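1. Provided below are the primary sequence and the corresponding predicted coordinates.
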Amino acid sequence: MSHFTDELDRHQPDPGGRRWLFVAYDQLTDSIGPLSEEDPLELGIVLVENPWKAARRPYHRQKLALVLANLRHFAIEQAARGVAVRHAVARGPYRSALEPLIAELGPLRFMRPAEYELRFDLAPLIEAGGLIEFAHEGWLTTSEDFSASQIKGPPWRMDAFYRHVRRRSGVLMEGGKPTGGKFSFDAENRKAWPGEPPPPKPPVFEPDGITIEVAELIEQHFAAHPGEVDLGHLPASRDDAETLWRWALRDCIPLFGPYEDAMSRSSSGLFHTRISGLLNLQRLQPSRVVGEVETLDIPLASKEGFIRQVLGWREFMRHVHEATRGFREQSGVDPKAAERPGDAGWSRWSGSTWPINSDDYGFDGGACPSALGAGRPLPVCYWPGQPSGLECLDRVVEDVWRESWSHHINRLMVLSNIASLLDVTPRELADWFWVAFHDAFDWVVEPNVLAMGTYAVGPLMTTKPYVSGAAYINRMSDYCSACAFNPKKNCPITNLYWAYLDRHRRAFTDNPRMRLVLNSLASRDDSRLRNDRDVFEWVSSVLGEGGTLRPEQRPEAEDA
């Protein structure tokens, strides 16, 4: 017996005469579906913990703790409402735990899961009639919204989708026109943070017996997994979710807009809300957060910037992922998939081999597109305790392994940018994001990394690669002030940027959004281009061997 099972038994109602539901790990809410509409005294739910799935990849311990602690608290919360709870532990795929329960309880209703990997797992039970699927009511948009907004796609474009959904939903609309006269205030939301006002400190949560027990379980059974469990910053209960959301509304969102792209050594999140993990578990409802932010008396640029992330970007990522089966089916890019889940470079970092399940039950390791032919391994400096010598990268990596989180510009313009400039294999980078971030599930991490972060699927859903030299990082952060390299003189990221454009210029020749930078590349003299290539090889070699970049070892241009 455990504290959790004792608590569940204490609240457990009589399970007789119930209509049973299977509730997946990313649907931990009673605000949607039958749990919101039907008498709790007539319902029973099946919840499954799955150590087999948790061990398939070297997931950050904080991520495992977030999912498991929320699932257990949700079980107690539902039992307290009068819902009967059947709690199962899977030693293989989810279907291995559900099959005997279906035989005992009869067919189970369930909402369509967000993750492709879970849908693949459950498909045989659906085909056999043991699971009866209905639509996931947590989404704000439908496949019809997606198709209606993309009449010329693919390629697909988020701005067209966002405008369509705004018009259809009426969110931030007045008289058929966008509030404030335009759909996006992104151009106003690109300010560097000057050091004031001070960023809010995230709330600290008081661990209870269930959460403490989860941390102990992870330390005991998942000791090989990287990262640590930080109970004080682990929102696990319904009350914790409310606390985080109230903090976000009060202290973050009013200033979210202007500083949403800013980065700082003094705060990993600045004015970002940190609610993405709870949104993706449905502990906070997207419809609720959009509705409450829309009514706030705050600057429109902050209001629209936040709503665009949830109503626009988040929904768009999901539709693209589902339309392509996680990029396994698409035109113009090789749709092959990895045979097994990757360990994201954990083996190179740890010196050990990540254990692979002998029977993966037909699961693959995800699509492996690489439109630009990138195929180098992820440097070990993306793992704890292996500094690269680049303050921006080292600071963000340190934040990620401490918190299992960072905000979106750190992800896009530091982590993904540098990996792209080094021609890192897109699949391995996507796997790294998947294991490192507590909010990463396949439907969101793969479009974010394979499409936006690395341009691995070409122009399928982005118009150009998101890459930059040191100037952008210096302009939007204070990282460079603490770096051994000078962003205006010798930062290798700038050379990596020009070398990247030089290597891939043919792929971008017909791209109108790349014309200006290609013109600049054409005017770069041969000596500098040779130095760019030399710096690329130097950085790739040093980081590939687990070393640290030092200014005195940097190759110099011939005319320097």
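-> Yep, that arrived.
2. shouldn't Glu77 be in contact with Arg238?
-> Yes: at 5.7 Å, Glu77 and Arg238 qualify as touching, with contact defined as Cβ atoms under 8 Å. (Each C-beta comes from the backbone N, C-alpha and C, glycine too.)
3. which SS class is the residue nearest the centre of the chain?
-> Nearest to the mean C-alpha position of the chain, by Cα atoms, centre = their mean, lies Ala440 at 3.5 Å. Using DSSP: H, G, I helix; E, B strand; the rest coil, the structure places Ala440 in coil.
4. now swap in Leu47 and tell me
-> The local conformation at Leu47, judged by three-state DSSP, is strand.
5. what residues does stretch 321-339 touch?
-> Outside stretch 321-339, the residues that touch it by Cβ atoms under 8 Å, 6 or more residues apart in numbering are 116, 143, 146, 154, 156, 364-371, 427, 442-444, 446-447, 450-451, 456-458, 460.
6. and it, how far out from the chain's middle?
-> 19 Å (Cα atoms, centre = their mean, to the nearest Å).
7. got the CA positions of it in PDB?
-> Extracted in PDB, the C-alpha atoms of stretch 321-339 (Å, rounded to 0.1, in the frame of the first residue of the first chain):
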ATOM      1  CA  HIS A 321       0.900  17.300 -36.800                       C
ATOM      2  CA  GLU A 322      -2.400  15.400 -37.200                       C
ATOM      3  CA  ALA A 323      -2.700  16.200 -41.000                       C
ATOM      4  CA  THR A 324       0.800  14.700 -41.600                       C
ATOM      5  CA  ARG A 325       0.700  11.900 -39.000                       C
ATOM      6  CA  GLY A 326       3.600  13.500 -37.300                       C
ATOM      7  CA  PHE A 327       5.300  14.300 -40.700                       C
ATOM      8  CA  ARG A 328       5.200  10.700 -41.700                       C
ATOM      9  CA  GLU A 329       3.000  11.600 -44.600                       C
ATOM     10  CA  GLN A 330       3.600  14.700 -46.600                       C
ATOM     11  CA  SER A 331       4.800  15.800 -50.100                       C
ATOM     12  CA  GLY A 332       8.300  17.000 -50.900                       C
ATOM     13  CA  VAL A 333      10.100  15.500 -47.900                       C
ATOM     14  CA  ASP A 334      11.200  12.000 -47.200                       C
ATOM     15  CA  PRO A 335       8.700  10.600 -44.800                       C
ATOM     16  CA  LYS A 336      10.800   7.800 -43.400                       C
ATOM     17  CA  ALA A 337      10.700   7.200 -39.600                       C
ATOM     18  CA  ALA A 338      13.300   6.000 -37.100                       C
ATOM     19  CA  GLU A 339      12.900   2.400 -36.200                       C
END
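8. mind listing what's buried along that stretch?
-> 321-324, 326-327, 330, 333, 335, 337 (16 or more other Cβ atoms under 10 Å).
9. do the same with stretch 431-445
-> In stretch 431-445, counting by 16+ other Cβ under 10 Å, buried: 431-445.
10. dump that stretch to CSV, keeping only the CA atoms.
-> C-alpha atoms of stretch 431-445 as CSV (Å, rounded to 0.1, in the frame of the first residue of the first chain):
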residue,chain,number,x,y,z
ASP,A,431,14.0,14.0,-29.3
TRP,A,432,16.1,16.2,-27.0
PHE,A,433,13.3,18.7,-26.7
TRP,A,434,10.9,15.8,-26.1
VAL,A,435,12.8,14.4,-23.2
ALA,A,436,14.0,17.7,-21.7
PHE,A,437,10.8,19.8,-21.6
HIS,A,438,8.0,19.0,-19.3
ASP,A,439,5.4,20.4,-21.8
ALA,A,440,6.7,18.5,-24.8
PHE,A,441,4.5,15.9,-26.4
ASP,A,442,4.8,14.7,-30.0
TRP,A,443,2.0,16.9,-31.4
VAL,A,444,3.7,20.1,-30.2
VAL,A,445,7.4,19.3,-30.1
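11. pLDDT of it, averaged?
-> In this model, stretch 431-445 carries a mean pLDDT of 98.
12. got it, and stretch 265-280?
-> Across stretch 265-280, the average pLDDT comes to 97.
13. which residues of the stretch 251-400 of the chain score low on pLDDT?
-> 331-335, 357-360 (pLDDT under 70).
14. what about 90?
-> Where the stretch 251-400 of the chain drops to pLDDT under 90, the residues are 329-336, 339, 355-362.
15. residue ranges for the helices of it, please.
-> For the stretch 251-400 of the chain, the helices defined by DSSP state H, counting those that start in this stretch occupy 276-280, 286-294, 300-307, 315-323, 346-350, 391-403.
16. swap in the stretch 401-550 of the chain?
-> Counting by DSSP H, counting those that start in this stretch, the helices of the stretch 401-550 of the chain are 408-409, 417-421, 426-436, 442-446, 470-476, 492-503, 505-508, 515-522, 526-544.
17. list of residues touching stretch 194-207?
-> 193, 215, 231-236, 240, 243-244, 247, 251-252, 255, 264, 266-267, 269-271, 274.
18. pull out the buried positions in that stretch.
-> Neighbour counts over stretch 194-207 (16+ other Cβ under 10 Å) mark 199-200, 202-203, 205, 207 as buried.
19. just give the nearest non-adjacent residue to Leu543, would you?
-> Nearest residue to Leu543 in three dimensions, chain neighbours excluded: Pro379, at 3.8 Å (Cβ to Cβ, 6 or more residues apart in numbering).
20. next, give phi and psi for the one you found.
-> phi -60, psi 150 (degrees, to the nearest 10).
21. and it, what does it touch?
-> Residues near Pro379 by Cβ under 8 Å, 6+ apart: 345, 386, 388, 422, 424, 543-544, 546.
22. distance of Lys488 from Leu390?
-> Lys488 sits 15 Å away from Leu390 when distances are taken as Cβ to Cβ, to the nearest Å.
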